[in-house]
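Asks: Sequence and predicted structure, then a few things I'm wondering about:
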Amino acid sequence: MFELEVKRLERLCRLKPSNLHLPKAYTEPPKSASIEQKKLHIYRTTRSYFSCIRIIEAFNYTMCLDVRDTLVQIMSSFENLEHKSLYFHTRNLLETVAAFNDGSEKIKRFLTEYETKCVKNPPNLEDMVWIKNIKFFYDQAMPIVLPSSLDPRKLAGGQAVRDRDGILSNSNILTKLKKLERNVEGLEEFYDLLSEFIHPNSFPFLNNTQFEIKNLQESDRYELEFFLELDGIVKFGPGAVAISNLEPYSLIYKKHENIIRKAILLMVRKNEELNNHTTNNLNILRKMIRKDAGGAMPQSFLDKACICGSHKKLRKCCGTKSRS
């Protein structure tokens, strides 16, 4: 059904993102601070800078992983005639792609802006303006990668309490779906159809009713008949011959299959574009750190994992100019 699309998404999910550190703007140490304290400040600040990019990488990875897993669920539901699960997972897939489409475009805009600035004025450690970009990246990216106003710390404690003063905000998925429809024609009609089948208002009747859809003279018009047996007492519609709940909906799916494929192909393209931007930004940061901060890393950290998340030791990566 969607085997080819699953394989494409699996290729994008092969490389897991690096371990993340929460980005933070550290207070600059006073002039009277020791050399080791100043080196520690450079280490923490540059690690936060890399973490901003790594968070975007994690967003790119997890969204593709979620769509891949959802596609697998769709295929399983279709084969096992589980129509309720089929509608739910299909709608979830479309919402995820819509959120990724909107979020990746916003992230690419401010990454491109940063790349352009770096071409004109290469960043360096002496110019403290680059540190302000940590807050800029964080403020721009976090509402996109975590679109919720719930305070994660309170949520972890079992309290669904909103963080009204925080940077996070709620996300309107319908707005994002309208943006996605510019690239995926027919999306709104299909999404509304799926919503009707799984909406609580229609659940008791629609989701327990067996339908038969007949094509009228091979056109786009359909005739709908339904019949349902309630506790062996009440019967609706013509005849008493039962058919599979999923059989009529296969016609609907065949009609809209290309919508799902177009959405996935769009996501694959957006993923590759965003990945190119994160790679470019990581290269910019590495050049800056190796040029200006290589000899300024704390000696005690040289055998730890590098701040850029490369999984190499610091002394063999961004700290190559450090003196032992």
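Replies: Sure thing, it's come through.

Asks: what are the ranges of the strands in this protein?
Replies: Along the chain, counting by DSSP state E, strands occupy 210-215, 222-227, 229-230, 234-235.

Asks: Excluding chain neighbours, give the residue nearest to K313 in space.
Replies: D303 (5.6 Å; Cβ to Cβ, 6 or more residues apart in numbering). To be clear about C-beta, it is placed using only N, CA and C from the backbone, and glycine gets the same treatment.

Asks: Tell me if I'm right that the one you found and R315 touch.
Replies: Yes - D303 is within contact range of R315, at 6.6 Å (criterion: Cβ atoms under 8 Å).

Asks: Could you pull up phi and psi at the residue nearest to K313?
Replies: phi -100, psi 10 (degrees, to the nearest 10).

Asks: what does L81 give?
Replies: phi 60, psi 40.

Asks: I'd like the distance from it to P200, if you could.
Replies: As judged by Cβ to Cβ, to the nearest Å, L81 and P200 stand 22 Å apart.

Asks: Neighbour count for those two, which is higher?
Replies: L81 (14 against 7; other Cβ atoms under 10 Å).

Asks: which of the strands of the chain has the lowest average pLDDT?
Replies: Mean pLDDT per stretch puts strand 234-235 lowest among the strands of the chain, at a mean of 41.

Asks: What is the neighbour count of E105?
Replies: E105 has 14 nearby residues by other Cβ under 10 Å.

Asks: mind checking pLDDT for the closest residue to it other than its chain neighbours?
Replies: For E105, ignoring the flanking residues on the chain, the nearest one in space by Cβ to Cβ, 6+ apart is K270 at 7.6 Å. You'll see K270 listed with a pLDDT of 94.

Asks: Tell me which residues touch K270, please.
Replies: Applying Cβ atoms under 8 Å, 6 or more residues apart in numbering, we find K270 in contact with F100, N101, S104, E105.

Asks: Go ahead and confirm K176 touches V97.
Replies: No - counting by Cβ under 8 Å, K176 stays clear of V97, with 9.2 Å between them.

Asks: which one of the two has more residues nearby?
Replies: Taking neighbours as other Cβ under 10 Å, K176 and V97 compare with V97 leading, 28 against 21.

Asks: returning to what we had before: need the overlap of contacts for K176 and V97.
Replies: Counting by Cβ under 8 Å, 6+ apart, nothing touches both K176 and V97.

Asks: if I look at the spatially closest residue to I198 that is not a sequence neighbour, how far off is L193?
Replies: Spatially, and ignoring its direct neighbours in sequence, I198 is nearest to Y87 (4.8 Å; Cβ to Cβ, 6+ apart). Distance, Y87 to L193, by Cβ to Cβ: 9 Å.

Asks: Tell me which of these two has more neighbours.
Replies: In this view Y87 and L193 are compared by other Cβ under 10 Å, and Y87 has more residues nearby, 23 against 16.

Asks: In terms of pLDDT, where does that one sit?
Replies: At Y87, pLDDT is 86.

Asks: Distance-wise, check it relative to L12.
Replies: From Y87 to L12 the distance is 26 Å (Cβ to Cβ).

Asks: quick revisit: could you report the pLDDT at the residue nearest to K313?
Replies: So D303 comes in at 87 (pLDDT).

Asks: Pretty sure L194 is one of the things the residue nearest to I198 touches, is it not?
Replies: Yes - between Y87 and L194 there is a contact under Cβ under 8 Å: 4.9 Å.
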